[in-house]
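Engineer: return a 3D structure for these sequence lines:
(one chain, ligands or ions: 1)
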Amino acid sequence: MDNEKKRSASFSKGLLQSGELYQYVLETNVYPREPELLKELRDMTATHPRAIMATAPDAGQLIAMLLKLNNAKRTIEVGVFTGYSLLLTALTIPEDGKIVAIDMNREAYEIGLPVIKKAGVENKIEFIESEALPVLDQLLEDPGNENGFDFAFIDADKINYWKYHERLMKLVKVGGIVVYDNTLWAGSVAMPEECTPEILREGRQRTLEFNKLLAADPRVEISLAPLGDGITICRRMH
Ligand SMILES: C[S@@+](CC[C@H](N)C(=O)[O-])C[C@H]1O[C@@H](n2cnc3c(N)ncnc32)[C@H](O)[C@@H]1O
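Structural biologist: Below is the predicted model:
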């Protein structure tokens with residue numbers, strides 16, 4: 001990819017002042033520390049027609065740090081796609097860690113699976129091909145899962161984010177962390193509706209509603225970090 005294309009590809013994902021600034025962050029701080037196999041998976045995904053869906057590497061770097069700071073062992077991931085955030089999590093949690101990874105599309109997961117196998121971390125992953133909501137409800141049927149998870153990463157259909165949140169407030173332990181992706185929705189949350197491109201409008205509305213509910217939720221501390229497409233970090237307080 002030439003520099004111009006690289007700049008515009010990264011800018012479409014980033015929210016900083018300029019593509020150059022985002023590229024600077026990636027090239028000086030993120031890419032040099034990105035594990036080799038994660039880079040391989042990112043490169044494989046780059047040719048996918050929906051490559052833009054993959055978690056941004058700068059957001060991924062913060063997620064890995066949060067997993068470590070929280071000594072996360074049991075995690076949930078909703079929205080796997082080709083597995084960038086999943087491999088990142090699997091590489092970060094300890095050998096006996098486990099990830100319940102849910103996506104209704106196995107095909108995309110299978111694109112990244114050979115790299116996950118090459119990394120030797122497939123044993124940490126339970127991939128469930130399904131709509132996420134019934135799986136979370138099913139997890140809650142087992143009382144052993146209540147407060148049973150240390151961390152969750154949610155990167156799927158915005159319309160259900162609040163429903164996921166309600167379940168996660170029971171599944172993730174007090175002190176545990178839940179990260180929601182795309183909470184700035186390409187910057188559209190701060191645009192007047194009439195100036196928002198049609199393709200972003202519904203997601204913008206859902207994101208505005210979700211962000212408002214989260215900001216008023218006394219169960220969590222929150223921080224909306226403007227990395228990637230915006231990630232909101234929640235720490236369950238009670
Ligand atoms: C933005 S992508 C996830 C990107 C991924 N975190 C990564 O790092 O590449 C969103 C994924 O959510 C999945 N998805 C959307 N709605 C879903 C639902 N209701 N239940 C389960 N998965 C869903 C899609 O199939 C898609 O693979």
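Engineer: mind checking the longest strand of the protein?
Structural biologist: In the chain, with assignment by DSSP state E, the single longest strand is strand 172-181.
Engineer: any part of that one near the ligand?
Structural biologist: No - residues of strand 172-181 are not located near the ligand by CB under 6 Å from any ligand atom, the shortest gap being 6.7 Å. All C-beta atoms are positioned from the backbone trio N, CA, C, and that covers glycine.
Engineer: any idea of the mean pLDDT in that strand?
Structural biologist: Model confidence over strand 172-181 averages 98 on the pLDDT scale.
Engineer: off-centre distance for it?
Structural biologist: Between the centre of strand 172-181 and the centre of its chain there are 12 Å (CA atoms, centre = their mean, to the nearest Å).
Engineer: how about the secondary structure of the residue lying farthest from the centre of the chain?
Structural biologist: Distance from the centre of the chain peaks at residue 194, with 28.6 Å (CA atoms, centre = their mean). Under the three-state scheme (DSSP: H, G, I helix; E, B strand; the rest coil), residue 194 adopts helix.
Engineer: sorry, back to before: list the buried residues for the longest strand of the chain?
Structural biologist: For strand 172-181, the neighbour count (16 or more other CB atoms under 10 Å) marks 172, 173, 176, 177, 178, 179, 180, 181 as buried.
Engineer: avg pLDDT for stretch 58-69?
Structural biologist: 98.
Engineer: then stretch 36-52?
Structural biologist: The model assigns stretch 36-52 a mean pLDDT of 96.
Engineer: any residues touching it, and which ones?
Structural biologist: 1, 12-13, 31, 34, 54, 57, 60, 81-84, 87-88, 91, 108, 111-112, 115-116, 118-119 (CB atoms under 8 Å, 6 or more residues apart in numbering).
Engineer: can you list the residues of this protein near the ligand?
Structural biologist: Counting by CB under 6 Å from any ligand atom, the chain sits next to the ligand at 53-55, 79-82, 84-85, 102-105, 108, 131-132, 155-157, 160.
Engineer: so which of those are in helices?
Structural biologist: 84, 85, 108, 132 (DSSP state H).
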